[in-house]
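1. what follows is a protein structure lacking sequence information:
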């Protein structure tokens with residue numbers, strides 16, 4: 001299946017943090033024929049295991065989070081309008097006039113609305129509208145609404161993936177379903193080859209509310225090496241080159257305190273060897289990815305970060321280049337095979 005089709009299936013399946021079950025089944029359908037075993041843990045992480053050929057293999061964990069930011073029903077007022085709160089880092093400026101889906105007993109379409117500009121005071125017109133002043137109109141009375149939705153139901157933006165020019169696509173939740181797609185590409189590549197490492201591909205849960213899935217899955221897998229596959233800030237006119245990544249110029253290879261320097265160097269070496277375009281993605285302190293939990297699991301894990309360039313993060317029009325996703329998957333696969341016959345202690349020695 002083509003990467004765009006994979007993305008379409010992932011993006012259009014709701015998976016707000018804590019409600020990732022539907023997306024987990026979609027991801028499983030893409031991975032089940034590429035691995036030796038696939039399972040879910042108690043938190044809901046999906047773990048695909050591909051066995052290596054070595055007697056005492058190096059264990060490598062690839063992690064990309066399948067959860068997305070979203071909203072949650074907080075109340076239903078006397079006229080049937082739905083009040084809501086946020087799950088994860090939602091930018092309230094992007095919500096007004098969005099079409100949403102409330103995932104209750106059945107899916108209900110709604111519109112995020114507020115007071116018309118004609119009725120606002122001059123002072124109100126100067127300020128951005130706060131979430132507490134927004135409501136979701138579902139076209140039902142309170143009595144009718146309460147038969148279908150309840151407090152705590154998740155809400156997602158109703159947005160399908162669209163193709164722009166060249167290989168660029170836009171949609172919601174590409175943070176980090178683009179990363180999940182890259183791991184799927186990696187596993188499909190590895191299916192063609194023999195490799196000595198044991199590989200664990202993990203679609204983690206609840207990254208957007210504290211990298212909780214990575215904490216749990218890293219602890220149980222106890223990998224020697226962990227690589228977080230996430231998205232990085234795509235270049236737009238207002239961003240400097242040092243703070244962003246160019247779409248179509250390859251994945252960003254993370255560098256900073258959250259990243260083991262030998263893994264950073266090996267990823268760059270492999271990219272050059274196989275003519276995979278790459279960029280350096282600086283993370284001076286915390287990478288803001290699953291790597292922050294992977295790195296400090298148990299007695300410590302040597303971690304790396306690969307970032308897929310993405311514009312307009314945490315909006316419903318996140319934008320990526322499909323070729324960057326493909327190259328990320330290839331880079332991961334070649335990195336894994338490069339560790340055949342590697343002395344792990346020597347490789348990771350500072």
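-> Good, I have the coordinates. Everything quoted here is computed from the prediction, not taken from an experiment.
2. wait, what's in contact with the closest residue to residue 91 other than its chain neighbours?
-> Distance criterion C-beta to C-beta, 6 or more residues apart in numbering; nearest residue to residue 91, sequence neighbours excluded, is residue 314 at 5.7 Å. (Each C-beta comes from the backbone N, C-alpha and C, glycine too.) Applying C-beta atoms under 8 Å, 6 or more residues apart in numbering to residue 314 gives the contacts 69, 88-91, 94, 175.
3. then residue 255?
-> Per C-beta under 8 Å, 6+ apart, neighbours of residue 255: 261, 264, 280-283.
4. repeat that with 6 Å
-> 264, 280, 282 (C-beta atoms under 6 Å, 6 or more residues apart in numbering).
5. may I see the contacts of residue 314 organised as a markdown table, with pLDDT added?
-> Output for these, formatted as a markdown table (pLDDT from 0 to 100):
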| residue | pLDDT |
| --- | --- |
| 69 | 98 |
| 88 | 96 |
| 89 | 94 |
| 90 | 95 |
| 91 | 92 |
| 94 | 92 |
| 175 | 96 |
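6. would CSV of these with distance to residue 256, secondary structure and neighbour count be doable?
-> Conversion of the contacts of residue 314 to CSV gives the following (distance: C-beta to C-beta, whole Å; DSSP: H, G, I helix; E, B strand; the rest coil; neighbours: other C-beta atoms under 10 Å):
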residue, distance to residue 256, secondary structure, neighbour count
69, 24, coil, 23
88, 23, coil, 19
89, 21, coil, 11
90, 26, coil, 19
91, 25, coil, 13
94, 29, helix, 15
175, 19, helix, 26
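7. which of the contacts of residue 255 fall within strands?
-> Among the contacts of residue 255, the ones falling in strands (DSSP state E) are 280, 282.
8. ChimeraX command for the buried members of the contacts of residue 255?
-> Typed into ChimeraX, the line below selects the buried ones among the contacts of residue 255, using 16 or more other C-beta atoms under 10 Å:
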select :264
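9. coming back round to it: which SS state does the residue nearest to residue 91 fall under?
-> Classification of residue 314 using DSSP: H, G, I helix; E, B strand; the rest coil returns coil.
10. buried stuff in stretch 30-38?
-> Quick answer for stretch 30-38 (16+ other C-beta under 10 Å): 30-31, 34-35, 38.
11. what does stretch 326-339 give?
-> 326-339.
12. quick check, nearest of these to residue 114?
-> residue 328 (39.4 Å; C-beta to C-beta).
13. what helices and strands are in contact with the host helix or strand of the closest one?
-> Secondary structure from DSSP states H and E places residue 328 in helix 322-338. Other helices and strands packing on helix 322-338, by 3 or more C-beta pairs under 6 Å, 6 or more residues apart in numbering; DSSP states H and E, are helix 3-11, helix 174-190, helix 261-273, strand 302-310.
14. what sits up against it?
-> 3-4, 60, 167, 178, 181-182, 185-186, 189-190, 195, 197, 199, 250-251, 267, 270-271, 274, 276, 306, 308-309.
15. distance of residue 301 relative to residue 225?
-> According to C-beta to C-beta, to the nearest Å, residue 301 stands 7 Å off from residue 225.
16. and these two? Which one has more around it.
-> Counted by other C-beta atoms under 10 Å, residue 301 and residue 225 do not tie: residue 225 has more neighbours, with 25 against 22.
17. hang on, the more buried one packs against residue 62?
-> No - in this structure, residue 225 is not within contact of residue 62 by C-beta atoms under 6 Å, at 9.5 Å.
18. mind giving me the domain split of the chain?
-> 3-68+172-347, 71-157 (automatic domain parsing).
19. what is the end-to-end distance of the last one?
-> This means domain 71-157. 9 Å (C-alpha to C-alpha, to the nearest Å).
20. how far does the helix or strand bottoming out on mean pLDDT in the chain sit from its chain's centre?
-> None of the helices or strands of the chain scores lower by mean pLDDT, DSSP states H and E than helix 122-125, at a mean of 74. Centroid separation for helix 122-125 versus its chain: 37 Å, with C-alpha atoms, centre = their mean, to the nearest Å.
21. how far does whatever helix or strand comes next after it sit from its chain's centre?
-> As assigned by DSSP H and E, the chain's next helix or strand after helix 122-125 is strand 135-137. Here strand 135-137 is found 28 Å from its chain centre; the criterion is C-alpha atoms, centre = their mean.
22. I'd like the mean pLDDT over strand 135-137, please.
-> The average pLDDT within strand 135-137 is 97.
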